[in-house]
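A.B. asks: Please find the sequence and the predicted model below.
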Amino acid sequence: MVRKRILFVAAAALIALLVVTLLAGCGGDGGKEPKGEATKTVKLGGIIDLTGPTGDVGAPYADGVKAYIDYYNAKGLGPKIDYNCIDYAYQIPRAKEAYDKLVKQNQVIGILGWGTGDTDALKEFIARDKVPYVSGSYSESLTDISKCPYNFLIAASYSDQARIALKWAKDNWKGSEAPKVAFIFNDTAFGRSPIEDAKKYAQEIGFKVVGDEIIDLKALDATSQMLDLKNKGADFAIIQGTSNLAATTLKDAKKLGVKTQFIGLNWAADEKVIKLAGDAAEGYVGVIPFAFPYDDAAGLAEIKDYLEGQGKKMEDINQKFVQGWVSAKIMLEGVKRAGDNPTGESLKAALETLAAFDTQGLSAPVTFKADSHRGSEQVRLAKVEGGKFVYLTDWIGYK
């Protein structure tokens with residue numbers, strides 16, 4: 001009997017340790033009320049990939065989300081936030097489990113989510129439960145307000161990003177024949193999200209679409225795809241992936257002498273691409289919806305203030321951290337406007353009052369309305385020069 005009791009206690013301790021470890025990755029506190037706090041807290045949740053195939057960009061994004069919430073709480077900028085984040089490792093079934101835990105057990109009124117496949121799979125539950133959802137996915141499908149009334153996009157959709165990139169490429173094309181464009185993406189809902197919209201738009205404005213190159217998010221070799229791209233003679237290639245995929249593409253393209261101008265959408269364009277690809281990143285063009293830590297945006301002052309309080313510097317973060325910071329900043333602006341004892345419904349209504357909300361240069365101004373949660377249709381384009389992204393444009397759209 002004693003031995004069974006010891007084994008039971010040990011197993012319980014191990015389970016508790018695993019739960020604490022899981023939450024620590026996102027900086028969560030398990031949904032507990034802060035001790036000694038008289039003020040009512042507002043519960044928010046996070047569902048982010050830290051350890052799966054998009055963890056290369058998910059981890060710094062999650063750090064940025066948690067950092068802004070900590071900053072907000074420390075500065076007393078609004079109601080105290082109790083944030084509980086779960087790593088779902090880019091697995092849709094685990095995202096659903098995390099969602100159920102956050103909504104049913106922790107009773108959060110809003111969630112900062114992540115991927116396209118999981119956000120799309122959850123949209124019916126999000127609408128049913130009336131839980132405002134600001135995710136890292138900017139899939140065009142999530143802008144359908146009739147099906148996604150509680151989903152909010154804080155940046156231009158992937159489809160709009162691709163259209164803007166294509167318009168820029170066409171406007172700057174010097175050849176006498178129609179330019180050829182190919183699309184490089186991973187075979188996931190995220191990867192496929194903008195491709196059909198982008199192809200349709202490319203043909204409308206005079207491109208010849210020459211095909212697709214499918215590359216895994218964690219691929220370390222893209223030789224066969226780059227050989228195929230070279231044979232097709234693509235003048236431009238749009239990349240929809242993450243930092244790792246983009247870096248692998250650029251390195252193998254350089255090795256094979258591919259002359260294509262590569263243009264990466266949001267998640268495929270950041271400092272990590274340059275770090276991983278080295279010289280092969282020179283000339284790479286990125287679609288940039290959020291500021292880099294080295295920009296002169298006024299909004300970076302808050303981040304610097306926060307980091308200094310943690311004994312860190314701006315050099316310790318990257319653009320995806322800024323992106324997470326902005327996501328949390330916009331969600332918490334809604335919380336501040338939602339009044340006392342906010343609910344999911346009042347948070348939704350509050351977010352819909354944001355009109356040209358100024359993030360002080362960290363992103364394009366964000367506007368939500370009752371009939372549109374498409375927060376922005378603008379990005380900037382930047383080119384890697386001397387190991388650093390240098391802006392080619394101001395905030396632009398495609399229309």
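C.D. replies: Thanks, I have it.

A.B. asks: SS state for K96?
C.D. replies: Secondary structure state of K96, per DSSP: H, G, I helix; E, B strand; the rest coil, is helix.

A.B. asks: ditto for the one 4 residues further on
C.D. replies: The local conformation at D100, judged by three-state DSSP, is helix.

A.B. asks: and it, how many neighbours?
C.D. replies: 13 (other CB atoms under 10 Å). The way it works is simple: take the backbone N, C-alpha and C, and place the C-beta from them, glycine included.

A.B. asks: How about V390?
C.D. replies: V390: 9 neighbours (other CB under 10 Å).

A.B. asks: Roughly how far does K170 sit from G58?
C.D. replies: According to CB to CB, to the nearest Å, K170 stands 33 Å off from G58.

A.B. asks: the more surrounded of the two?
C.D. replies: G58 (27 against 17).

A.B. asks: The more buried one belongs to a helix?
C.D. replies: Yes - using three-state DSSP, the secondary structure at G58 is a helix.

A.B. asks: That one reaches G64, doesn't it?
C.D. replies: No - with contact defined as CB atoms under 8 Å, G58 does not count as touching G64 (10.7 Å).

A.B. asks: Please parse this protein into its domains.
C.D. replies: Annotated domains of the chain cover 2-156+297-351, 158-288+380-391 [automatic domain parsing].

A.B. asks: Do you know the pLDDT at A338?
C.D. replies: We have a pLDDT of 97 for A338.

A.B. asks: how much space between the residue nearest to it when sequence neighbours are not counted and F152?
C.D. replies: If the residues on either side of it in the chain are set aside, A338 comes closest to A350, at 4.1 Å by CB to CB, 6 or more residues apart in numbering. Plainly put, A350 is 11 Å away from F152 if you go by CB to CB.

A.B. asks: who's more crowded, these two?
C.D. replies: F152 (25 against 19).

A.B. asks: Now do the strands in the protein.
C.D. replies: For the chain, strands defined by DSSP state E occupy the ranges 42-48, 81-87, 110-112, 133-134, 151-152, 180-185, 208-214, 236-240, 261-264, 285-288, 380-384, 389-391.

A.B. asks: Pick the most deeply packed of the ones you listed.
C.D. replies: Mean neighbour counts were compared across the strands of the chain using mean count of other CB atoms under 10 Å; the top stretch is strand 110-112, at a mean of 29.

A.B. asks: so how far is that strand off the chain centroid?
C.D. replies: Put simply, strand 110-112 sits 14 Å off its chain's centre (CA atoms, centre = their mean, to the nearest Å).

A.B. asks: Would you mind listing where the stretch 251-399 of the chain has pLDDT under the threshold?
C.D. replies: Low-confidence segments of the stretch 251-399 of the chain, defined by pLDDT under 70: none present.

A.B. asks: just how off-centre is stretch 77-87 within its chain?
C.D. replies: Once both centres are worked out by CA atoms, centre = their mean, stretch 77-87 turns out to sit 18 Å from its chain's centre.

A.B. asks: Now distance to D296 too, for the strands of the chain, in CSV please.
C.D. replies: Output for the strands of the chain, formatted as CSV (distance: least, CB to CB, whole Å):
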stretch, distance to D296
strand 42-48, 29
strand 81-87, 29
strand 110-112, 27
strand 133-134, 26
strand 151-152, 28
strand 180-185, 32
strand 208-214, 36
strand 236-240, 27
strand 261-264, 23
strand 285-288, 14
strand 380-384, 13
strand 389-391, 11
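
A.B. asks: To K123, which of these lies closest?
C.D. replies: Closest to K123 of the strands of the chain is strand 151-152 (CB to CB; 6.2 Å).

A.B. asks: From the contact counts, what lies against that closest one?
C.D. replies: Applying 3 or more CB pairs under 8 Å, 6 or more residues apart in numbering; DSSP states H and E, one finds that strand 151-152 contacts helix 116-129, strand 133-134.

A.B. asks: Could I get the average pLDDT for it?
C.D. replies: The average pLDDT within strand 151-152 is 98.

A.B. asks: which neighbours does that strand have in its sheet, and in what orientation?
C.D. replies: Strand pairing for strand 151-152, using DSSP bridges, gives strand 133-134 (parallel).

A.B. asks: can you list the residues that contact the partner strand?
C.D. replies: 110-113, 119, 122-123, 126, 150-152, 154, 327, 330-331 (CB atoms under 8 Å, 6 or more residues apart in numbering).

A.B. asks: Please tell me how far L351 sits from T393.
C.D. replies: 28 Å.

A.B. asks: Between those two, tell me which one has more neighbours.
C.D. replies: Neighbours per residue, other CB under 10 Å: of L351 and T393, the larger number sits with L351, 27 against 14.

A.B. asks: contacting residues for the more buried one?
C.D. replies: Per CB under 8 Å, 6+ apart, neighbours of L351: P132, F152, I330, M331, E333, G334, R337, F368, H373.

A.B. asks: what's the nearest residue to the residue nearest to the spatial centre of the chain if we skip its chain neighbours?
C.D. replies: Most central in the chain under CA atoms, centre = their mean is G136, positioned 3.2 Å from the mean C-alpha point. Excluding the flanking residues, the one nearest G136 by CB to CB, 6+ apart is W114, at 4.7 Å.
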